[in-house]
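> Mind looking at a prediction? Sequence and model below.
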Amino acid sequence: MSEQVAVLETGARGVGAQASAPPDTQVQWLSLEHAAYAAVMVAAAIMRFANLGWAPLNSLEAAHAWPAWLAGSGQHVVNAPSRRARCFTECNRCCSLSGRMASSGHGSFRPSWACCWSACPGSGAVGSGGIPALLLAVFFAVDPWLVVFGRTADSTGLTLFFALLSLTALWRWRTATNRAARVGWERIGAVSLAFLVVSGPTAWSFIPVLLLMFFLFVWPITAEDRRTGALPSSLLWFAGALLLGATGFLMRPEATRAVAGSLTAWLEQARPGTGMAYPFWWPWVRLVADQPFLVIFGPIGLLVLALGKGEPRHGRRLALFLGVWLLWAVALMLLPGRSPFVLPLAGIPLAIAAVSVFGPLSKLHIDHISGLEITILIVVTTILLGSSAVWLAKLVESGVFSSEAILAAAILLGLMFVVWIAFGFWAGWEPALKLVGFFFLAVLLALTIHSSWLLNQETRLMRPSGFWQETTLPEARLLAQDIQRISSMRTGDPTQTEIQVITPDDPDPVLCWLLRDFRNVLWLRAPRSSTVLTDYPNDQPLIVTGAELAGDPVLANYLGSNYGIRTAWSIDQLPALPPVAPDQQGLPQEELERLRAQQAWSLSTQPRLEWLLYRNVKNSPVVAPVTLWAASAGN
């Protein structure tokens, strides 16, 4: 992958520039470049592998993993969830190769996706190389949305990987200077496009993006393009990769129908009442909460490209491409079936635009400014910005509104900008603009890393991220552990005890995944336990039911223990300002306004800011439990 990244970044600098550089300088730059990208890949791996098995699979992951586990291990379960088109082939292949190695809490699925994405940073650089491409690789390594899908056992991670690789191959094919490079990128593009088509429903969102890029940057194909390309053989590469991907590398030929199923699943997002149905404002809140770097520099980058300043050869065309791409993502966000899977479609073009700002900035000269002067400037502005942040953090952590804290933070922030303006008058606007740009680049990237860590590492019961509608609690593993303990005591084997799992609807995928290692599990669908226990012989020592079945009198001779399985929380559950209480309606208007302002801060604004900064909530989310019933000694 490092060789591909090197080709990716050095190809756009121009052959003449490389030829004019001294050999020693060129070799030194290449070695530094490789070291930089190696460090980026290490950072990407850390972000994706850290605490990877801490949380069990959520409902979405388990719905894909358990049917694939059954197919891979050759098992059949009555009333099992249907095989989902998304991710079944990949999960099935993973199960078949890993056997029962996935008996750990997180299984063998997430590592495969994390491995894929730890090698991905930098593969989607569409513009010129150098500083912008390196910054794009850094951002892809820590991007909250790319990291969360890189850690999720879902096909979206593979979709994003192959979409970026297809975009890169198309761009490099267009800019290749010799036939060998063009043929190589043509075949890479053919294979990545084939795997993209079979990767899952999210892939269909990227097909219009690829077509747009083709018509803006490649069309029309000239006679020279046909002469230096290898189109017939590349079509064979595409067909072969498509066949391998659609059949799980020939291990599951019946999985080919999943491709048509993925298109159907993608089209369902346009129908009301389907999909995850997140609120209209949810994507915009996530953009502000997770992507401060894109919020600030994304629009600036689009403006820079539109003015022809960011990319020397294709600036305005690239701005048009990214703008239309972004409009396409916004259109999908407006559909009633919007979901988290559309977020990277908007984040990637904003990221490409954002890093384009730093191409022109890196060319500004600051040779006449000494290192000591730059150090003093950075230290002073960092102290002012940090002090302002401390005042704001103190205000958020306090339940009492303080105008003095806001005034102090505003004064310190204003002083910081005064220092930058004074430096511009003293040293010149070019050095000031370059230093302020890279200073806020570092600040906003640090905030992005903070957001990525909160989203992927710090999700707890009282620190919900709100990214997924449901989250499986780590305590859910205690259910399987206690069943193993009881089974060992009663049968001498931790997996041999007989278990009835009674649910009013289809089996819960999370429970299915947690209990997958037990050999004698009977999944029963009934509105109440009495129905099942009347129709079937009551010789099961262990029964698992939902909390709503706890009052069944048939279970009177069983001892029950509750286990929290999942929690559901969304951003709209943050507290809102309550209406005016009856005892407050007789207060004078001025006193009532002051009281309502304090209530608005303590009851609504402060909790929302606390969640935005720390993901903390004051009210515990609702936990959905199950109950394990064990027959008492006398039963």
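Received it, and whenever you're ready, just let me know what you need.
> Grab the nearest non-local neighbour of residue 169.
Leaving aside its sequence neighbours, residue 169 sits nearest to residue 189 (Cβ to Cβ, 6 or more residues apart in numbering; 3.2 Å). For the C-beta atoms, the positions are set from N, CA and C on the backbone; glycine is no exception.
> tell me the contacts of that neighbour?
For residue 189, the contacting residues are 165, 166, 169, 170, 173, 234, by Cβ atoms under 8 Å, 6 or more residues apart in numbering.
> Mind telling me what element the fifth one is part of?
It refers to residue 173. Element membership of residue 173 [criterion: DSSP states H and E] is helix 156-175.
> So which other helices or strands are in contact with that helix?
With contacts taken as 3 or more Cβ pairs under 8 Å, 6 or more residues apart in numbering; DSSP states H and E, helix 156-175 sits against helix 2-10, helix 109-118, helix 144-150, helix 179-197, helix 203-213, helix 343-356.
> In JSON lines, list the ones you listed along with distance to residue 34.
Output for the helices and strands packed on helix 156-175, formatted as JSON lines (distance: least, Cβ to Cβ, whole Å):
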{"stretch": "helix 2-10", "distance to residue 34": "6"}
{"stretch": "helix 109-118", "distance to residue 34": "17"}
{"stretch": "helix 144-150", "distance to residue 34": "22"}
{"stretch": "helix 179-197", "distance to residue 34": "19"}
{"stretch": "helix 203-213", "distance to residue 34": "28"}
{"stretch": "helix 343-356", "distance to residue 34": "20"}
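> re the thing from before, can I get the contacts of residue 189 in TSV including neighbour count?
Putting the contacts of residue 189 into TSV (neighbours: other Cβ atoms under 10 Å) gives the following:
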residue	neighbour count
165	21
166	28
169	23
170	21
173	23
234	20
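> Do you know the pLDDT at the residue nearest to residue 169?
Per-residue pLDDT puts residue 189 at 90.
> Okay, it and residue 571: tell me how far apart.
For residue 189, the distance to residue 571 equals 39 Å [Cβ to Cβ, to the nearest Å].
> One more: residue 524?
37 Å.
> Show me what the mean pLDDT comes to for the helix or strand encompassing residue 452.
Secondary structure from DSSP H and E places residue 452 in helix 429-456. The predicted model gives helix 429-456 an average pLDDT of 93.
> And that helix, what's buried?
Neighbour-count burial for helix 429-456, counted by 16 or more other Cβ atoms under 10 Å, picks out 431-439, 441, 443-445, 447-452, 454-456.
> before we move on, what about stretch 211-218?
For stretch 211-218, using 16+ other Cβ under 10 Å, the buried residues are 213, 217.
> Which residues does that stretch contact?
Residues contacting stretch 211-218 (Cβ under 8 Å, 6+ apart): 126, 167, 170-171, 173-174, 314, 317, 320-321, 324-325, 328.
> quick one: residue 167 and residue 207 touch, right?
No. The pair residue 167 and residue 207 does not pass the contact test of Cβ atoms under 8 Å, sitting 11.7 Å apart.
> Between these two, which is the more surrounded one?
residue 167 (23 against 16; other Cβ atoms under 10 Å).
> Could you measure from that one over to residue 190?
With Cβ to Cβ as the criterion, residue 167 and residue 190 are 14 Å apart.
> With residue 628 instead?
In this structure, residue 628 and residue 190 are 52 Å apart, going by Cβ to Cβ.
> Looking at these two, which is more packed in?
Using other Cβ under 10 Å, the more surrounded residue of residue 628 and residue 190 is residue 190, with 24 against 20.
> Apart from its chain neighbours, what residue comes closest to that one?
Nearest to residue 190 is residue 238, by Cβ to Cβ, 6+ apart, at 4.0 Å.
> so who does that neighbour touch?
Contacts of residue 238 (Cβ under 8 Å, 6+ apart): 190, 191, 193, 194.
> before we move on, back to that, for the helix holding residue 452, the distance to its chain's centre please.
20 Å (Cα atoms, centre = their mean, to the nearest Å).
> Tell me the helix or strand right after that helix.
Heading C-terminal from helix 429-456 (DSSP H and E), you reach strand 470-472.
> Could you list every helix and strand in contact with that next one?
Packed against strand 470-472, as judged by 3+ Cβ pairs under 8 Å, 6+ apart, are the following elements: helix 59-73, strand 558-568.
> helices or strands next to whichever helix or strand comes after it in the packing?
Using DSSP H and E, the helix or strand that follows strand 470-472 in sequence is helix 477-491. Applying 3+ Cβ pairs under 8 Å, 6+ apart, one finds that helix 477-491 contacts helix 509-514, strand 542-546, strand 558-568, strand 622-631.
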